[in-house]
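Chemist: Give me a model of this one.
(one chain, ligands or ions: 1)
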Amino acid sequence: MSAIDRVFAAQRLHKWDVKNSTAAERKAKLIRLRDAVLANADAIKRALHVDLRKPEAEAAGEIGSVENDINDTLEHLDAWMAPVEVATAPMFGGAKARIVYEARGVCLVFGPWNFPFQLLFEPLVPVIAAGNTAILKPNELAPETSRISAEIIHQVFDEREVAVFEGGVELANELLALPVDHVFFTGSPKVGRIVMGAAARHLASVTLELGGKCPVILDDSTDLAAAAATIAAARCYNSGQVCLCPDVAWVPAARRDALVAALQEAVGAALYRDGKLDKGSFGRMVDRRNFDRVKGYLDDAIARGATVAFGGATESDDLTIHPTVLIDVPPDARIMHEEVFGPILTVMTFGNPAEVCRAVQGGGKPLAMYVYSNDPGFVDTILRNTSSGGVTVNGWAMHWFEPQLPFGGVNESGIGRYHGIHGFREVSHERSVFVQS
Ligand code: NAD
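Modeler: Got it, this is the predicted structure:
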């Protein structure tokens, strides 16, 4: 029997005990996990630096996010687990009815490489909180983080409750062949389709946290300097390898050059020292394939007539792509159709709100959208005429950070949601219980 089959068989037997665990027992597991994460914080930061040249503050952010999620869950788990009584219809006399949140069972969790620690462990928190068992696969493109993540799992958990297997696509497919109860996948829409197809064979439920091209829209009322500071910081975070990064900025034609100047100033102040890119504050592309992919978008856009407003340099030896803004990009350029996942922002112009809404509608339903405007009517028009997983108005990614909001995509940017109670419910089965009087 292979190790995968052994672990799966053990979890399938043990899941009934885990489903019956009390809030106190689940919290004890989460506390053990939190303590192990904090005890290994330096090793995690070192691994993230080796894998992605993550600056210290960004690496600390991955660890802090997991810690916050655990603390929030510890505070609220009793309330989340409580059955919800519902009033029955008068014709049922004195019958009682309630919704019970019960574990789904064995959950398969796949992490992406861009936040290889945080986005492996954040889904694990609700999976444990809801009384499930888990089989994790860290991402193979971040091998040092995969190794330390696996070490932490081995330190904290019995493999009947949480197990981990390290590897790539072949392993992914072996795990996807298991008749698990739920798959929680974070990654690309392309692989998301493969995961959903595999889950369909066993009718496992899925959470797909995917990506897309996130637009940012500005108008005549936008404070350009303030907006440019957060847009530039977002586009450069983790070298632009963030599912929530703005990919394309839409601005009224008359304000384009002012926006580009404000972006250049913001990037210069944050990331350049004496005219040189400060690589201590700026990550690299995860691997050569992704470096070549993003450089390919840049070369293709330029070949088709786009102008580099600033940046544009690439350093193949250490997989660095300098923060770049492109203007005059023709609609057929590849960068207009693919998720960039690198530090290149395209700035496009529009004449009126209807025009920008049509352009954004044409890009489907991205994971996130940003509107920077001091005109509530403009914001309302954009929200009513577009769709996305979530939106932040006058800021970046705040809808991810607010734990009361459900986080997830819509259609091609994802299925399902998590964070706070939304994550607990996502990996629970809402079971209806009706007790006849
Ligand atoms: P990916 O889809 O390439 O890989 C994710 C996982 O799928 C890995 O474990 C990999 O081993 C496995 N995999 C890859 N090819 C496979 C195949 N053919 N069959 C089966 N399994 C396969 O994603 P990635 O490159 O790690 O991450 C980048 C993507 O993830 C971007 O699109 C980004 O927007 C998205 N993302 C989304 C979120 C979110 O919260 N929604 C967060 C981070 C990243």
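Chemist: buried ones in stretch 107-126?
Modeler: Within stretch 107-126, the residues scored as buried using 16 or more other Cβ atoms under 10 Å are 107-126. Heads up, the C-betas are built off the backbone N, CA and C, glycines and all.
Chemist: just stretch 324-333 next, same as before
Modeler: Those would be Thr324, Val325, Leu326, Ile327, Asp328, Val329, Ala333, for stretch 324-333 by 16+ other Cβ under 10 Å.
Chemist: Make CSV out of the residues you listed and add secondary structure, pLDDT and distance to the ligand.
Modeler: Output for those, formatted as CSV (DSSP: H, G, I helix; E, B strand; the rest coil; pLDDT from 0 to 100; distance: Cβ to the nearest ligand atom, whole Å):
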residue, secondary structure, pLDDT, distance to the ligand
Thr324, strand, 98, 19
Val325, strand, 98, 21
Leu326, strand, 98, 20
Ile327, strand, 98, 24
Asp328, coil, 97, 26
Val329, coil, 98, 20
Ala333, coil, 98, 19
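Chemist: before we move on, back to that, sort out which of the buried residues of stretch 107-126 are in helices and list them.
Modeler: Mapping these onto helices (DSSP state H) picks out Gln118, Leu119, Leu120, Phe121, Glu122, Pro123, Leu124, Val125, Pro126.
Chemist: re the thing from before, how about TSV for the buried residues of stretch 324-333, with distance to Pro246 added?
Modeler: Compiled in TSV, the buried residues of stretch 324-333 are given as follows (distance: Cβ to Cβ, whole Å):
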residue	distance to Pro246
Thr324	13
Val325	11
Leu326	13
Ile327	15
Asp328	19
Val329	15
Ala333	17
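Chemist: Tell me the one among those residues nearest to Ala198.
Modeler: Ala333 (33.8 Å; Cβ to Cβ).
Chemist: if we can go back for a sec, and the ligand, which of the ones in helices among the buried residues of stretch 107-126 contact it?
Modeler: When contact is defined as Cβ under 6 Å from any ligand atom, these meet the ligand at Leu119.
Chemist: Relative to the ligand, which of the ones in helices among the buried residues of stretch 107-126 is nearest.
Modeler: Leu119 (5.5 Å; Cβ to the nearest ligand atom).
Chemist: Does that closest one touch Phe110 like I think?
Modeler: No - assessed by Cβ atoms under 8 Å, Leu119 is found out of contact with Phe110, at 9.5 Å.
Chemist: shared neighbours, the two?
Modeler: Common neighbours of Leu119 and Phe110 are listed as Thr186 (criterion: Cβ atoms under 8 Å, 6 or more residues apart in numbering).
Chemist: In three-state terms, how would the residue in the chain positioned nearest to the ligand be classified?
Modeler: Using Cβ to the nearest ligand atom, Gly211 is the residue of the chain that sits closest to the ligand, at 2.0 Å. What DSSP: H, G, I helix; E, B strand; the rest coil gives for Gly211 is coil.
Chemist: for the one 5 residues further on, same thing?
Modeler: Following three-state DSSP, we place Val216 in the strand state.
Chemist: Let's see the pLDDT reported for the closest residue to Tyr272 other than its chain neighbours.
Modeler: Distances taken as Cβ to Cβ, 6 or more residues apart in numbering place Asp278 nearest to Tyr272, at 6.5 Å, with adjacent residues excluded. Predicted confidence (pLDDT) for Asp278: 97.
Chemist: correct me, but Asp278 touches Gly268?
Modeler: No - with contact defined as Cβ under 8 Å, Asp278 does not reach Gly268; the gap is 10.7 Å.
Chemist: who in this structure is up against the ligand?
Modeler: Counting by Cβ under 6 Å from any ligand atom, the residues of the chain close to the ligand are 110, 112-114, 119, 137, 139-140, 168-169, 172-173, 186-188, 191, 194, 209-211, 243, 339, 341, 367, 409, 414.
Chemist: Could you list the domains of this structure?
Modeler: Split into domains by automatic domain parsing, the chain comes to 3-210+409-435, 214-401.
Chemist: Would you pull up how far the first one lies from the middle of the chain?
Modeler: Spelled out, that is domain 3-210+409-435. Relative to its chain's centre, domain 3-210+409-435 lies at 14 Å (Cα atoms, centre = their mean, to the nearest Å).
Chemist: From start to finish, how long is it in a straight line?
Modeler: 43 Å (Cα to Cα, to the nearest Å).
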